[in-house]
Structure formats: structure tokens, C-alpha cells
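**Student:** this one's sequence-less:
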């Protein structure tokens, strides 16, 4: 009798062990990531972003040096880590892209639809100016703790809205962000999915965007990440810097607050 | 195999090529290299045709330490590293990176001058799961090592 | 850009509140190709299930939704549950369909591999859903066929607020595609039912 | 235009290891852009690593080398402070150069 008993225990142990292995999708690509090493082509995009920041442009042929990213006009170091945050001059919570668009319109005199005409690179592009700017600005917060604004009432309501959006199920497939990002150790195919409702999961995700995507050869921003996830959820197109996009990013930033920014990262 | 010169040209081509090498030494590096790109090697579309263009089917050699990930997160960027143990396989003058199931299997050719280690590291596109080959040419003979890399459909599959 | 300043304590299932979220989404999204903002409007089930998995639901309401889902499930064309497993495998692998980046005229995929293990030899499978390897071992009793068909058609007929799409009820897959997926699961010769690699 | 090659050259034991990262799209010519128009082939065809005035590596590449390509090379005879250059030429005739000193 008891060797049958042992066989059962053995089967359970194997079951548990393989279950944990199966659910830890991350380990599968360790060898691949090690061989890639730390040579991240984002370095080139960071150089470009810096050049664009200082280059006069637009009808007013002004640079972006007077742009206030939240720490005062022209202060870039550490600014990304404290976004999204409330800006009194526009009476709204903004992410990096919404804020840069604002500066391009105010300081450089560019028309709103001109600035937002092509927010993200399309297949075959080498990267937009906004993506390069965000890459450099995020790099200027590398190593600093994520600390989004949460003092202002609108910052709190952005978080609350972001959390509700996170669970909002709609569209042909009834998906929400939570469908894929609410549990630990899960993956889609071999793509590990951070649990964004926890500090570790949100920190792992929020701290590594913007990121160079090896599959596209382009640095992609967190705003793009929100939009592309919505696309795969079978939702309509999420507008860059929109209230829903900013709220979702606020939800992630607050959940991940305290962790160090390590962007631009390197992603599939 | 012996009479085929390293660039896979005919014997007559060999004389013309070695002549070019002498002249080339005086040219600025850029022009010199353009003249000598082994175009035929990059045109082949099957593994057999590729080995033929190289000069024959290489023999397996343990001297070639060929590193490639068992599974690649994305086929667009697959890191590979070729390191030849000169004590086992001396006199390597050329290294090839071959991706069997790519439209054109030869991804890269490395001409290794005498004072340079028989070593090369780069990143290649792998169209689909399949074999990768590191081929080394030493004293007119061809050797190889093979690795299989699995390329998966990444992301949400859409 | 309307500013929502009234939101403080969040009540997930507060219908009034849900409308404001809908307004923000309408403000924040635009139609793209064949996908319109119409998709943002929640039906009763979506609104009811827009909550963390851990949050308990109003059982009575859940029972009503389960009943309604069950009632809506048609029997398969010609009464046969099983189609062609080779076609079913393609449906399981295909992750496209109904995204604004997809061709609206192409057949939709089921993307089953995104969340489930199926053919044990295929390493690129997801773990959001349970493994379905060896599903055929459950046998092809009328009850088992009906359960699986119903589960695929509208998972909420059994498990209200499951995160699997309503492949039949939401017109993602055609009845024929669903018969093929059923074959892929049940047919003994299907790779799903091969022994472990 | 910001520098298009990032090079690191480090002495390691009896050889110098050069790691170069080059900014280039490496288009195969088989891809289509968003509007469906095909993107013309544009890839680095040859790369040289030059130490002083000797070529320490001559590489010929096809379109299957990844975008923003990486090259790792090891050669003997380099000493600290020597100049190491990397030069590439692509199928459209564009060139890129970069240099560093051995650490």
C-alpha cells in the first residue's frame, strides 16, 4: 500500500515543481539576454534626443531649453522620474509626451495637429523626434527613484481613474489590462507578464520603458506601450498624452514608486 | 578542393585576385575592401548551394566554439559568437556565419588577418527555428560547427 | 479635455462612475481603420466583470448572467461537434483578427496558444489558462462535447467573469472554426493528444 | 548627426577586444512599410576594424545581420592609447566611421 502512497506524493511534488517552472517564463531567455550583453542601440537615440532638445525649431525657431518638465524651465535631470504630474499652466496631469507636445506648441509655435500628426514611428521608420526626446529625457532620470506626483487632487484622481481603466473590460474580446497583468508568473506564449497590481511587477515594467525594441529597431515610449496594448485588446486607437493614457501610466508609476528608473531598457 | 582559392573563384581568378591584393594594399582601406566582397557567397539560397560556393561541405571540428542561444526571444536579433581554439584548428583565415533557413543562408563573412584571433561576435536575423553554422576556413580546408536556435512567435501572437 | 476631479474613493461597480470612465475613454481614443469607439461601450456582462478576480460578485446577478449566457449557446451546425483538427490547429496558432492592424476580410484567429498549452511539443504556449494537452483523454461523451462547445461559445455559461473571450457569442470565430478547434482538442490523432515529447 | 558608431577597445590578457555598435537600419529590401510600399534594401556590406594603419578585421555582411549591428573582434599587438578605427560601407554607398583609443 505505501509504495502507491509514495508514488502519489512523488507525482504531486513533480506536478508542483513543473508548475512553478512552467509559470516562470522569465528564465527561458536568460542565455539569450546574457549574450546580448549591455550593448543597447538606444544609445544612438539618446544622442539624437539631446541634439533635438537644443536645436531651434518651428515658426519661432526656438529650442526646447525653456520647456518646464515639472522641475523648472530647462531642468531635465530627474524630471522623467517624477512624471506624470499636475501642471498648473495647463491645469492637467500630463505625461512626458503630452508635456513635450505642449512645449513644442508654446515655445516653438508648432500647430497642435502638426505636433501630434505622427506621434510614433511606423514600420520602416528610424524613430520620431518625440521618441528620441523621450529616450534622452528618460536617460536623464536613470538610477533615480520613480516618484510621480500624488499631492494634487487631480493626481489622485488620475491614479483612481487609471486603476478603474485597468479593470475596464470591453471590446470584442472582453479584455482589460487585468486579463493579462493581474496575476504573478503568467505569460502569453513565452512573453512573461508582470503583475502590474503589485509593486515589483509595476516597478519592473515602468522602470524599463522607454525601451529599445529589438524586434523593431526603435526606441518605444510608455505611451506607445499603452497604445499598442489597447490595439491588441481589440480596442480603438489610444491618443498619445490623452487622459486615459496618462491615468494608466499614473497607476503604474504610483504602484512602482520608489524603484529606480533604468530606462531606456532593452525589450523583445 | 585544393585548387579552389579562398574566394571560391577559378584558378585563373586566383592569380587575378592575388594581384589585386598587392595593389589593394596601397589603396585606402575603404576602396580595397569594396573590390573584394565575395558576392557569389551572398547569393546562394540553399545550404547545399552555399557549401558549394564556399568550396565543399565542411567537416565538423571541435576546435570551433560556436555560441548561439538555444531559444531566441526574437528572430530579428540573435547574438552569436565564434571562437576557434587555435591549438585544435590552427591557421584559420576566414569565418562564415550561416543561417540555414534564411532566404540567403550566408549572413556574414569575416576575413581574419594573421595577427587577429580567429574570433567574431555579431547579431544576426534568423527567419525561423533551424540550424546555424559557423564555418572556418584553415589552410584551404573547410570546417564547421552547428547549433540549433529556436525562434518563437513572440508577444501576444497578434 | 474634461478633467475628472470628482473621482476620489473608487467604487468598481458603481454604474454612475462607470459612465464617467466611458466618457474619458471616448475623449482619449479615436476610430482606427475598421475599429470604432463603439467597442468602448460595455455590455452588462463586461460592466459586471470589470473588477479584480479576487472581488466577490453579487451571486444572484451572476446566476442570471450565467443563465442568459447558457441559453444563448446554439447547438453546432448539423449537430456535429467535431470538424477538421488540421484547420483547428491553424485557428489555435493564429493570433490575428479584429485588431485595427488586421485585415478585416481575413478569417479571425483564436490565438489559443497565447494562453494555453496544447501540443506538448510546442514550447511557445501561454499560462494564463490551464494546459489543454491530452484533452482528448476526457473522451467524447455527449456531455463532454456539449460542455466544451458551450465553454468555447460563451465561457460565462459556466464561469461568469472568466477572462476567456466569448469566441462564439462575440462572433470572433465562426461555427465551422469552432468545430475545427473542437477536433483539434478531441481527435486522438491531433498533436494535442500525442504523448509528452 | 550624432556619432554613428559606438566603439569600446579593451586590453584583455594578450589581446585587445573591440566591441562596436553601429547605427544602421540593415533593411533587407523584403520589408514593406505601413502604406505597403516596399522599403529598399539598405544594409552594411563591409566593415573594417583598423589598428593604427593595419586592418585587423575585414568583414563582409549580408542583409541578415541585425539592425543597429554589433561586431566583436579580438586582435593582438594593441597597447593602451593606440587608436582603433571602425569603418563601414553600405550597399547604397553611404559610409560610417568611428574611433576610440585602447583602454
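**Tutor:** Great, that's in hand. In this text the structure is predicted, and so the values were computed from the model without any measurement.

**Student:** C-alpha only now, for contacts and for neighbours.
**Tutor:** OK.

**Student:** which intervals of chain B have sub-threshold pLDDT?
**Tutor:** B:1-35, B:153-154, B:157-158 (pLDDT under 70).

**Student:** next, the residue nearest the centre of it: phi, psi?
**Tutor:** What sits nearest the mean C-alpha location of chain B, by Cα atoms, centre = their mean, is residue B:96, with 0.7 Å. With angles defined as degrees, to the nearest 10, residue B:96 sits at phi -120, psi 140.

**Student:** hey, what's it bridged with?
**Tutor:** residue B:109, residue B:135 (DSSP bridges).

**Student:** residue B:111 versus that one, what's the distance?
**Tutor:** Going from residue B:96 to residue B:111 by Cα to Cα, to the nearest Å gives 9 Å.

**Student:** next one: residue B:89
**Tutor:** Residue B:89 is 16 Å from residue B:111, where distance means Cα to Cα.

**Student:** kindly report the same for residue A:238.
**Tutor:** Distance, residue A:238 to residue B:111, by Cα to Cα: 50 Å.

**Student:** low-confidence stretches in chain D?
**Tutor:** Along chain D, segments meeting pLDDT under 70 span D:1-3.

**Student:** recalculate using a threshold of 90.
**Tutor:** Applying pLDDT under 90 to chain D picks out residues D:1-4, D:33-36.

**Student:** residue in it nearest to chain A?
**Tutor:** residue D:33 (5.1 Å; Cα to the nearest Cα).

**Student:** can you give me the strands for the chain?
**Tutor:** If you meant another chain, say so; for now it's chain A. Remark: strands assigned in chain A by DSSP state E are A:85-87, A:92-94, A:186-188, A:191-193, A:211-213, A:218-220, A:237-238, A:265-267.

**Student:** should've been chain D
**Tutor:** According to DSSP E, chain D carries its strands in the segments D:5-12, D:15-22, D:44-51, D:54-61, D:70-75, D:83-90, D:95-101.

**Student:** my read: residue C:49 touches residue C:161, true?
**Tutor:** Yes: between residue C:49 and residue C:161 there is a contact under Cα atoms under 8 Å: 5.1 Å.

**Student:** wait, what's in contact with the residue in chain D that chain C sits nearest to?
**Tutor:** Closest approach between chain D and chain C, counting by Cα to the nearest Cα: residue D:34, at 10.0 Å. Residues near residue D:34 by Cα atoms under 8 Å, 6 or more residues apart in numbering or on different chains: A:122, A:123, A:124.

**Student:** by neighbour count, which of those wins?
**Tutor:** For the contacts of residue D:34, the largest number of neighbours (other Cα atoms under 10 Å in any protein chain shown) sits with residue A:124, at 19 neighbours.

**Student:** skipping adjacent residues, who's closest to that one in space?
**Tutor:** Setting aside the residues directly before and after it, residue A:124 is nearest to residue D:33 in space (Cα to Cα, 6 or more residues apart in numbering or on different chains), at 5.3 Å.

**Student:** circling back: surely the residue of chain D closest to chain A touches residue A:121?
**Tutor:** No: between residue D:33 and residue A:121 there is no contact under Cα under 8 Å: 10.7 Å.

**Student:** the more surrounded of the two?
**Tutor:** More neighbours surround residue A:121 than the other of residue D:33 and residue A:121, with 19 against 12 (other Cα under 10 Å).

**Student:** residue contacts, the more buried one?
**Tutor:** Here residue A:121 is in contact with A:127, A:128, A:218 (Cα under 8 Å, 6+ apart).

**Student:** list the residues that contact the closest residue to residue D:14 other than its chain neighbours.
**Tutor:** Once flanking residues are discounted, residue D:14 sits nearest to residue D:76: 6.4 Å by Cα to Cα, 6+ apart. Neighbouring residues of residue D:76 by Cα under 8 Å, 6+ apart: B:115, B:116, B:117, D:14, D:15, D:16.

**Student:** what does the fourth one show for phi and psi?
**Tutor:** The reference is to residue D:14. Given degrees, to the nearest 10, the pair of backbone angles that residue D:14 has is phi -90, psi 10.

**Student:** touching, residue B:80 and residue B:121? I think so.
**Tutor:** Yes: counting by Cα under 8 Å, residue B:80 touches residue B:121, with 5.8 Å between them.

**Student:** burial check on the nearest residue to residue A:87 once chain neighbours are set aside, number of neighbours?
**Tutor:** Using Cα to Cα, 6+ apart and skipping residues adjacent in sequence, the residue nearest residue A:87 is residue A:93, 6.0 Å away. When neighbours are defined as other Cα under 10 Å, residue A:93 has 27 of them.

**Student:** show me the contacts for residue A:93.
**Tutor:** A:84, A:85, A:86, A:87, A:154, A:155, A:158, A:243, A:246 are the contacts of residue A:93 under Cα under 8 Å, 6+ apart.

**Student:** got a list of what residue 174 touches?
**Tutor:** Answering for chain A, as no chain was given. Counted by Cα under 8 Å, 6+ apart, residue A:174 has contacts C:46, C:163, C:164, C:165, C:166.

**Student:** wait, chain C
**Tutor:** residue C:168.

**Student:** where's it relative to residue B:136, distance?
**Tutor:** Using Cα to Cα, residue C:174 is found at 54 Å from residue B:136.

**Student:** got it, and residue A:218?
**Tutor:** Taking Cα to Cα, one finds residue A:218 at 34 Å from residue B:136.

**Student:** and the two? which has more neighbours close in?
**Tutor:** Shown here are residue A:218 and residue B:136; by other Cα under 10 Å, residue B:136 has more neighbours (31 against 27).

**Student:** that one touches residue B:91, doesn't it?
**Tutor:** No: contact criterion Cα under 8 Å: residue B:136 and residue B:91 do not qualify, at 9.7 Å.

**Student:** point out where chain C drops to low pLDDT.
**Tutor:** C:1-20, C:123, C:195-197.

**Student:** pull the number of nearby residues for the spatially closest residue to residue A:193 that is not a sequence neighbour.
**Tutor:** Closest residue to residue A:193 apart from its sequence neighbours, by Cα to Cα, 6+ apart: residue A:187 at 5.0 Å. Using other Cα under 10 Å, the number of residues around residue A:187 comes to 29.

**Student:** report the separation between residue A:187 and residue A:179.
**Tutor:** Residue A:187 is 11 Å from residue A:179, where distance means Cα to Cα.

**Student:** stretch A:108-117 vs chain C: in contact?
**Tutor:** No: Stretch A:108-117 lies apart from chain C when judged by Cα under 8 Å from any Cα of the partner chain; the minimum separation is 13.3 Å.
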